[in-house]
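Undergrad: Kindly generate the corresponding structure for this input.
(chains A, B, C and D, ligands or ions: 4)
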Amino acid sequence: MSAVAAASRVIGYTQAINEALVQEMERDPNVFVMGEDIGRFGGMFRATEGLLERFGEKRVIDTPISESGFIGMALGAAMAGKRPVVELMFVDFSLVAMDQILNQVAKAQYMTGGKAHVPLVIRTQGGGYKGTAAQHSQMLEALFVHVPGLKVVAPATPADAKGLLAAAIRDPNPVFVLEHKQLYAAKGDVPEGEHVQFLGQARVVRSGRDISIISYSYTLIQALEAAATLEEEGVDAEVIDLRTLNPLDLRTVEGSVSKTHRVLIAHEAHARCGIGADLAAQIQERMFDDLDGPILRVCGADVPVPFAQSLEDASLPSAAKIAARARELLSGTPPLREG
Amino acid sequence: MSAVAAASRVIGYTQAINEALVQEMERDPNVFVMGEDIGRFGGMFRATEGLLERFGEKRVIDTPISESGFIGMALGAAMAGKRPVVELMFVDFSLVAMDQILNQVAKAQYMTGGKAHVPLVIRTQGGGYKGTAAQHSQMLEALFVHVPGLKVVAPATPADAKGLLAAAIRDPNPVFVLEHKQLYAAKGDVPEGEHVQFLGQARVVRSGRDISIISYSYTLIQALEAAATLEEEGVDAEVIDLRTLNPLDLRTVEGSVSKTHRVLIAHEAHARCGIGADLAAQIQERMFDDLDGPILRVCGADVPVPFAQSLEDASLPSAAKIAARARELLSGTPPLREG
Amino acid sequence: MAAATKPAADTEFLLGLYRQMVRMSALEVALTKLSRDGQLRGSLHLATGQEAVPAGACAALRKDDYLTVTYRGHGYVLAKGVDLEEVVAEILGRATGLNTGKGGKMHLTDPSHGLLGANGIVAGGIGTAVGAAMASWMDGADRVAMTVFGDGTLNQGHAHECLNMAGLFRLPVIFLCENNLYAEMTHLDKSAKVTDLCKRMETYGIPAVRVDGNDPLAVFRVVETAVAGARNGDGPTFVEAMTYRTCGHYQNDPGTSYRTLDEIKEWEAKAPIPRLQASLYQQGAAADELEKIHREENAAVDKAVKAAIAAPEPPVSVLLEDMFV
Amino acid sequence: MAAATKPAADTEFLLGLYRQMVRMSALEVALTKLSRDGQLRGSLHLATGQEAVPAGACAALRKDDYLTVTYRGHGYVLAKGVDLEEVVAEILGRATGLNTGKGGKMHLTDPSHGLLGANGIVAGGIGTAVGAAMASWMDGADRVAMTVFGDGTLNQGHAHECLNMAGLFRLPVIFLCENNLYAEMTHLDKSAKVTDLCKRMETYGIPAVRVDGNDPLAVFRVVETAVAGARNGDGPTFVEAMTYRTCGHYQNDPGTSYRTLDEIKEWEAKAPIPRLQASLYQQGAAADELEKIHREENAAVDKAVKAAIAAPEPPVSVLLEDMFV
Ligand SMILES: Cc1ncc(C[n+]2csc(CCOP(=O)(O)OP(=O)(O)O)c2C)c(N)n1
Ligand SMILES: Cc1ncc(C[n+]2csc(CCOP(=O)(O)OP(=O)(O)O)c2C)c(N)n1
Ligand SMILES: [Mg+2]
Ligand SMILES: [Mg+2]
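TA: Ligands and ions are numbered 1, 2, ... in the order given. You can find the predicted model right below:
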């Protein structure tokens, strides 16, 4: 897959998603999309623009406001041989469909002893920084990782948005793709034509020797910014984009930690029982003797995302917070976890 | 609260819950219970037996199979001055009501800047070991801890079942009380009459110097058994019952770790993004230099709970697994995390 | 299964329905014993007295039609043609089970017979069936889907959403509601103001038919019509089968604390197996023949139970398998 | 608010309704400007053209009656009597806001006025209102609850569950549905087979009334009757107010890609503010008086906006407060 570097050009994250959808719908007539206002209107974030005209209304299905219903239907369609790609407008709305996602979709393959096949993709977006407040700003990936059965992907770049979505659609398992509303406007180099990546591979985005900063989704962009700041201060930070949160690519993480011996994990989701906690627990279990200091985290505060700019900023990660936390870790005397 | 030790007698966990309900409903006319088959029938696990006769049908409300609806209604009733105690028959069913629990109940106080008051209790039960399979055996506490806004309690003994439930009902905040189906048959010393404990306090159930085994709910019983086995081998294990999972009583945990320098966390829920991961991350963040080895975990396997006895046993914690893991930790060469 | 083309009242056809009911009943007797003996783990939701609904309804389906059922759905699983031995082995948690012992009784699934799953969550499998029907509709295929649930299930939001979409898109799906008057211990009267379930379908624009759920032939006929309509592009139908479980909700419920003995007796008198037996005798069926069916089905169940008991539990080595393909 | 006892067609009362609509409209104009100027964060869901529903409906409520609304509910919030300055400050994320800036526009909440919350989740606040009504019913009190939502909301499972229970328990709650023909960009026709929303209430045993949602007096009258019934123990009522948002779904939607200009124009011609103005003139109201209302409400909004802009954002020190009491 994508072994030969294809020609690429700079396009937006949204367009990259759209390209992946078109690419896969062209390739496989069983792929279809479904969700609220995705057809006639082209999607609240424009990711499905043009699909209705191109693929017709049996492959581009506008639904009522019935997330539990249509995710359940996607499961049935998948079991009947289709490859549904559901758009859930905000990851916050997953909570009205949680039984279908976690009790049905996630469990179907295992609890049938492999008899059910569920090649189903749920595409959604999360995240804050836009003043959309407590019910439209969450990052809920930990919920979908805690209950086993879904692959979980969180692309941070337009190229990954295309390549990972295409991989998710081709994957025979249910895959939860978490996009980020801050990234929809991002632009980047994206291969033209067919572009499919592997699920389950982290990426060393920036190589360094002093500290491993592990992140994903929009926070990855902040981590890179923090690394640039740290570089000016003489700190050589390695930055890893997890990209897939389940299954985790521990090999890449371990390779990095065995080099830097210091780990900082940064994500936007809440700290408690988050991906950072999970990864920290796993790293120290496996590599305790490799660590020169505690694994630190920069996470969203453990409060509902507040509306006011001052509080939202205070509650969410930033490049400055990541850099500050890295300095603490490197100085060897980290204070207690913030918040 | 319960400063003076009241007379006690041995009763069952279920009866202890029932006593707490009666006690609080007698005390405060605003307390009411609501759920499926809890009134006329007395509850699938008999916890609400006799309440309908005693308190009448405006305080003991049988509902249709509409968990999202009645949890939402409990929220409204709480905001209107009532103190609802909702019974959710299985924690697995929380997933059909997740929006109400995590987007509405959990966020109401914070996102209204404290204007909404939500003194609401959700009582439910989870756990395996009974062959109830993937959709009736889960322990989902991590989901309710990850998204902030709920206090989360998981009593392991009849006395705590009574004292923590009473405390939950008196607490002005929303509290999620997770009972365990294996514990309903447990018996233990429970104070007669009014018995109210504090939320947010862990308990050192067994004092020891060599290792801290931290657990809660039914796994706590297994941890104690493991400690007894270890004792025979000359290992002096301290066993801590967290009891409240949010907020965490880190002081008690830290006190123990600073004494033993070795930590094993045991719970039945899945490992990834679980309470064990969360606690491990926090402990190593705060006490890295105190640790003589990695923090290890015994958790439920990261698969849906399988039905067959052989697999269910293999997937869930046991006293033997906890003891084995403790030995590994003490031997200083822990292998990679199981599973 | 291919019975849909048979003249419906034909004795041979009735004998087929009879056999299905007897098989289901034999299985229930065996499972009850296993449960009492502590050999069957977890909860056991029987459908004693409701045997006519699965027998009649499944006779109207093709093997490749889709089906989702509930924790109380073993009768449908058998009537859909799923292998008895595999079913019993699954219920006993054996490696030889339909789902390798991983699922258990609540999650019996066999896509090769169109069975997309039993379910432990009230209403949880409705979306699956509607979605399978949608797949068929997308392909312009004539496969239909059926989803089975109880009277109490209509109060669950997921059911509502799916019914609305099935009506909206006119999908080829049959909503088969077993109205046994109770949801666990709660009478229909206590769970909704409007207890006329067919009337509740008007909100979805889904035609609804009520049928005597203790008469397998009647059930067959209405489902056959609904299936024909669905195959023909006429969209969904709701079938309300009036029936009663003369047993408790599950193995630990005698079923008597919330129902009168009179009510139970009244329905026992209308139990579908003796009732069809009587009409078979009237049509001239030989006692021999019926006894033979009982003997054969009991023997088959017996054999399946023995085989399951002799079979190994799944080895621990498979614990982490089947998560991802 | 105490208007419920007034003779309905009285000019003074109509002027009160007019003032409410003008206030709401003035707020919308100001917010639109703030949003365009980048001073208002997040999304902004206006209800231009729908002003008559909140004005009429809230006039039938007491201050202590309960109310839940949606992201599009600022009109109700004002009409329920919540302080304009606090509302504006909240919408601008200021420490002086109704909810200290933590909630924002989608979560306006003021229990002291019975306002149990606006909501960002479709149908999310319905249970809250039904539960508050249940609290009143438990106490034998005469407080009622009202919950406001749109046409598309009836397809969400939570709405169904709550409607069913309100009907079952006969709770004192008014379900006020603003049927503006669209859910975001989806026309009613595309979201349900049955588009007669009142008819859909038959399934819950809830009486339903349709009303011209662009006539505040008509809305007032039907809600007043529903409220009187609810106070009287007659249970819930569903009110379907036929209206139209002549603006887009939110600030970035011109509202024209999925609706014809003709349709929009047709409804603009029926817009409630000019319409009530016309009938007030007919009843002999003086132009002065109406202009004064506009002036006053514009000034009040202006003042509120200025005050909010001058007010501080919440200090970072409060970030972790208000989680638990
Ligand atoms: C979401 C959910 N809530 C509650 C339950 C517990 N429960 C199992 S069966 C049942 C009653 C279902 O009644 P009905 O739909 O009439 O079907 P029946 O059991 O009578 O066949 C309930 C409440 C569940 N399994 N799932
Ligand atoms: C559960 C959920 N799904 C989807 C959305 C996105 N959304 C916001 S408003 C809206 C349309 C609601 O339509 P309607 O009920 O008619 O109310 P209106 O906006 O027209 O007032 C949708 C789909 C949401 N907020 N919550
Ligand atoms: Mg029933
Ligand atoms: Mg609308």
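Undergrad: Tell me who's in contact with whichever residue of chain A sits closest to ligand 4.
TA: Ranked by C-beta to the ion, the top residue of chain A for proximity to ligand 4 is A:I65, at 9.7 Å. For every residue, glycine as well, the C-beta is placed using N, CA and C. Residues near A:I65 by C-beta atoms under 8 Å, 6 or more residues apart in numbering or on different chains: A:E36, D:V122, D:A123, D:G152, D:T153, D:N155, D:Q156, D:A183, D:S191.
Undergrad: among those, which are in reach of ligand 4?
TA: Contacts with ligand 4 are made by D:A183 out of these, judged by C-beta under 5 Å from the ion.
Undergrad: Which of the contacts of A:I65 has the largest number of neighbours?
TA: Highest neighbour count within those, by other C-beta atoms under 10 Å in any protein chain shown: D:Q156, with 31 neighbours.
Undergrad: Against A:F176, how distant is it?
TA: 21 Å (C-beta to C-beta, to the nearest Å).
Undergrad: related to what we said a few turns ago, list just the nearest of the contacts of A:I65 to A:I214.
TA: Each of the contacts of A:I65 was scored against A:I214 by C-beta to C-beta, and A:E36 proved nearest at 33.9 Å.
Undergrad: is it true that the closest one touches A:T63?
TA: Yes. Proximity of A:E36 to A:T63 meets the contact threshold set by C-beta atoms under 8 Å, at 5.8 Å.
Undergrad: for chain A, longest strand please?
TA: Ranked by number of residues, the top strand in chain A under DSSP state E is strand A:263-270.
Undergrad: ok, the spatially most central residue of chain C to C:R23 distance?
TA: For chain C, C:Y76 is the residue whose C-alpha lies nearest the centre (C-alpha atoms, centre = their mean; 3.4 Å). Using C-beta to C-beta, C:Y76 is found at 12 Å from C:R23.
Undergrad: How about C:T109?
TA: Distance, C:T109 to C:R23, by C-beta to C-beta: 20 Å.
Undergrad: Can you report phi and psi for the residue in the stretch 51-200 of chain C that ligand 3 sits nearest to?
TA: Per C-beta to the ion, C:G150 is where the stretch 51-200 of chain C lies closest to ligand 3, at 3.3 Å. The phi/psi pair for C:G150 (degrees, to the nearest 10) reads phi -100, psi 180.
Undergrad: and stretch C:149-159, anywhere near ligand 1?
TA: Yes. Residues of stretch C:149-159 are located near ligand 1 by C-beta under 6 Å from any ligand atom, namely C:F149, C:G150, C:D151, C:G152, C:T153.
Undergrad: among those residues, which are within reach of chain D?
TA: Contacts with chain D are made by none of these, judged by C-beta under 8 Å from any C-beta of the partner chain.
Undergrad: Inside strands: which ones of those?
TA: Mapping the residues of stretch C:149-159 next to ligand 1 onto strands (DSSP E) picks out C:F149, C:G150.
Undergrad: Redo the residues of stretch C:149-159 next to ligand 1 as a markdown table? Include pLDDT and distance to ligand 2.
TA: Formatted as a markdown table, the residues of stretch C:149-159 next to ligand 1 follow (pLDDT from 0 to 100; distance: C-beta to the nearest ligand atom, whole Å):
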| residue | pLDDT | distance to ligand 2 |
| --- | --- | --- |
| C:F149 | 98 | 23 |
| C:G150 | 98 | 26 |
| C:D151 | 98 | 27 |
| C:G152 | 98 | 24 |
| C:T153 | 98 | 21 |
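Undergrad: Just the terminal-to-terminal distance for stretch C:308-325.
TA: End-to-end distance of stretch C:308-325 (C-alpha to C-alpha, to the nearest Å): 27 Å.
Undergrad: Tell me how far it lies from the chain's centre.
TA: Distance of stretch C:308-325 from its chain centroid, counting by C-alpha atoms, centre = their mean, to the nearest Å, is 27 Å.
Undergrad: Same question for stretch C:260-269.
TA: Relative to the mean C-alpha coordinate of its chain, stretch C:260-269 is positioned 22 Å out (C-alpha atoms, centre = their mean).
Undergrad: One more: stretch C:83-97?
TA: With C-alpha atoms, centre = their mean, you get 18 Å for stretch C:83-97.
Undergrad: For residue 274, give me the pLDDT.
TA: In the absence of a named chain, chain A is used. As predicted, A:G274 sits at a pLDDT of 98.
Undergrad: switch to chain C, that's the one I care about
TA: Each residue has a pLDDT score; the one for C:P274 is 98.
Undergrad: Would you agree it falls within a helix?
TA: Yes. According to DSSP: H, G, I helix; E, B strand; the rest coil, C:P274 belongs to a helix.
Undergrad: can you give me the strands in chain C?
TA: Counting by DSSP E, the strands of chain C are C:66-68, C:145-150, C:173-179, C:182-183, C:186-187, C:208-212, C:237-242.
Undergrad: whoops, the stretch 101-250 of chain A was the one
TA: For the stretch 101-250 of chain A, applying DSSP state E, counting those that start in this stretch gives strands covering A:121-126, A:151-153, A:175-180, A:187-191, A:203-206, A:211-215, A:237-241, A:244-246.
Undergrad: In a markdown table: these, plus mean pLDDT.
TA: As requested, the strands of the stretch 101-250 of chain A are exported to a markdown table (pLDDT from 0 to 100):
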| stretch | mean pLDDT |
| --- | --- |
| strand A:121-126 | 98 |
| strand A:151-153 | 98 |
| strand A:175-180 | 98 |
| strand A:187-191 | 97 |
| strand A:203-206 | 98 |
| strand A:211-215 | 98 |
| strand A:237-241 | 98 |
| strand A:244-246 | 98 |
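Undergrad: Adding distance to ligand 4, write those out as CSV.
TA: CSV is the format used below for the strands of the stretch 101-250 of chain A (distance: least, C-beta to the ion, whole Å):
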stretch, distance to ligand 4
strand A:121-126, 23
strand A:151-153, 33
strand A:175-180, 26
strand A:187-191, 35
strand A:203-206, 43
strand A:211-215, 39
strand A:237-241, 40
strand A:244-246, 36
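Undergrad: Burial-wise, tell me which of these comes out on top.
TA: strand A:211-215 (a mean of 29; mean count of other C-beta atoms under 10 Å in any protein chain shown).
Undergrad: other SSEs contacting it?
TA: Secondary-structure packing of strand A:211-215 (3 or more C-beta pairs under 8 Å, 6 or more residues apart in numbering or on different chains; DSSP states H and E): helix A:217-232, strand A:237-241, helix A:250-260, strand A:263-270, helix A:319-331.
Undergrad: which phi and psi does the nearest residue to C:T243 once chain neighbours are set aside have?
TA: Closest residue to C:T243 apart from its sequence neighbours, by C-beta to C-beta, 6 or more residues apart in numbering or on different chains: C:G213 at 3.3 Å. Backbone torsions of C:G213, given as degrees, to the nearest 10, read phi -80, psi 0.
Undergrad: ok, and does stretch C:146-153 reach over to chain A?
TA: No. Stretch C:146-153 lies out of reach of chain A by C-beta under 8 Å from any C-beta, never closer than 9.1 Å.
Undergrad: Just give the number of residues close to the residue in the stretch 201-325 of chain C that chain B sits nearest to.
TA: Closest to chain B within the stretch 201-325 of chain C is C:E313: 3.8 Å, counting by C-beta to the nearest C-beta. By the criterion of other C-beta under 10 Å, C:E313 has 18 neighbours.
Undergrad: in its sheet, what does the longest strand of chain A sit against?
TA: Strands that pair with strand A:263-270, judged by DSSP bridges, come out as strand A:211-215 (parallel), strand A:296-300 (parallel).
Undergrad: how far out from the middle of the chain is it?
TA: Centroid displacement of strand A:263-270 relative to its chain, using C-alpha atoms, centre = their mean, is 13 Å.
Undergrad: and the next element down the chain from that strand?
TA: Counting by DSSP states H and E, the element after strand A:263-270 in chain order, helix or strand, is helix A:275-287.
Undergrad: wait, doesn't C:V173 sit right on C:G127?
TA: No. In this structure, C:V173 is not within contact of C:G127 by C-beta under 8 Å, at 10.6 Å.
Undergrad: coming back round to it: which of the helices and strands packed on strand A:211-215 sits closest to B:V305?
TA: For the helices and strands packed on strand A:211-215, proximity to B:V305 was assessed by C-beta to C-beta; helix A:250-260 is nearest, at 24.4 Å.
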